[in-house]
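Chemist: need a structure here:
(one chain, ligands or ions: 1)
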Amino acid sequence: MKKILVATEKPFSKETTDYILDAAKGLNVEVVLLEKYGSRDELYAALKDVEGLIVRSDKIDQEAIDAAPKLEVIVRGGAGYDNIDCAYAKEKGIVVMNTPGQNANAVAELTFGLLLMMTRKKYSGKQGFEISGKKMGILGYGNIGRRIANYALGFNMEVEACDIFLKPGETGNEKVAYCPTVKDLFANCQVISLNIPATEETKKSIGYDLLMSMPKNAVVINTARKEVIDEEGLAKALSERTDLYYVADIAPANAQELVEEFGDQVFFTAKKLGAQTEEANFNAGRAALNQSAQYLNEKVADYQVNK
Ligand code: 3PG
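Modeler: Got it, this is the predicted structure:
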């Protein structure tokens, strides 16, 4: 029977791991858990005899892959897989998958929680502004972006979507307008939701010029990755525009300084919590188990990201 290691520094909920351990029996795989591990060595030791690996944001670099000579499949329980050295895994013949969509709703709901908190000046009682009738721009129109679009329409917002994979007329909703360029999206929309992965193309791609081009009372919500922001450009824009707000689920390195300097204009969650709901945890954990077992038993590689 093949063995799958669930290695999570930030564990799935107990309900989820109980489910995984139980369901594994019916899927003809053995599952072992390594949660909240204290060191890389602990991870490497646990990797030495497993064929499958399930992780969340855990860093799986060359050293980790080299510590796993029998490894056949890595499943990232979640959407973003920038924590995994996919190219090296490919070189070693290891399939990498994610579980797209499984935590999308949690992130979409959080987007509005963060947005409303900023438009109401962190609930301080200071005068804020409303989102009804304003324009929401969604950069990255995947599972999360599409949900955000629907929720934005429910708030009576106008919606534009921009994505390198999106073609005119294909937003899937006649009320969601196609926007051809990132530049246009920022110039057109008072609220921007970032839902793009961190790639060589997107890293530091959101900076001073885009932020300065946004309409009055601009809010940028980043539930994606901190790497997509040009932090120097952000700080400069915040200092020049008191009507610019930046809220993120992944704090930049200088978060504390930004909070001290820009007060109501910025907010960062204490820990990345976009996928931290019962439902998202369960959905992502269950999908990760099913996909890894299916690959180990039948070589089915739906959602492979390192072809
Ligand atoms: C994702 O990429 O799915 C989210 O960023 C969630 O990451 P997490 O599993 O580390 O919370």
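Chemist: spell out which parts of the chain neighbour the ligand.
Modeler: With C-beta under 6 Å from any ligand atom as the criterion, the chain meets the ligand at residues 10, 56, 57, 78, 79, 80, 103, 272, 274, 275. The C-beta positions use only the backbone N, C-alpha and C, and glycine is treated the same way.
Chemist: residue of this structure closest to the ligand, please.
Modeler: Closest residue of the chain to the ligand, C-beta to the nearest ligand atom: residue 78 (2.5 Å).
Chemist: list the contacts of the most centrally placed residue in the chain.
Modeler: Residue closest to the average C-alpha location in the chain (C-alpha atoms, centre = their mean): residue 224, at 4.4 Å. Counting by C-beta atoms under 8 Å, 6 or more residues apart in numbering, residue 224 makes contact with 80, 140, 194, 195, 196, 197, 198, 250.
Chemist: taking those residues one by one, which sit in helices?
Modeler: Using DSSP state H, no member of the contacts of residue 224 falls in helices.
Chemist: among these, name the ones in strands.
Modeler: Those of the contacts of residue 224 mapping onto strands are residue 194, per DSSP state E.
Chemist: report the two of the residues of the chain next to the ligand separated the most.
Modeler: Across those, no pair lies farther apart than 10 and 79, at 15.0 Å, counting by C-beta to C-beta.
Chemist: so for these two, which sits in the more crowded spot?
Modeler: A direct count of neighbours by other C-beta atoms under 10 Å for residue 10 and residue 79 places residue 79 higher, at 22 against 14.
Chemist: buried set for the longest helix along the chain?
Modeler: Secondary structure of the chain per DSSP H: the longest helix is helix 278-298. Within helix 278-298, the residues scored as buried using 16 or more other C-beta atoms under 10 Å are 280-296.
Chemist: ok, the residue of the chain closest to the ligand - contacts?
Modeler: Neighbouring residues of residue 78 by C-beta under 8 Å, 6+ apart: 56, 57, 98, 99, 102, 103, 275, 284.
Chemist: same check, this time on residue 29
Modeler: Neighbouring residues of residue 29 by C-beta under 8 Å, 6+ apart: 1, 2, 3, 4, 52, 292, 293, 296, 297.
Chemist: repeat that for residue 68.
Modeler: By C-beta under 8 Å, 6+ apart, the contact list for residue 68 reads 47, 48, 50, 53.
Chemist: what's the PyMOL syntax to select whichever of those residues are buried?
Modeler: Buried subset of these, written as a PyMOL selection, criterion 16+ other C-beta under 10 Å:
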select buried, resi 47+50+53
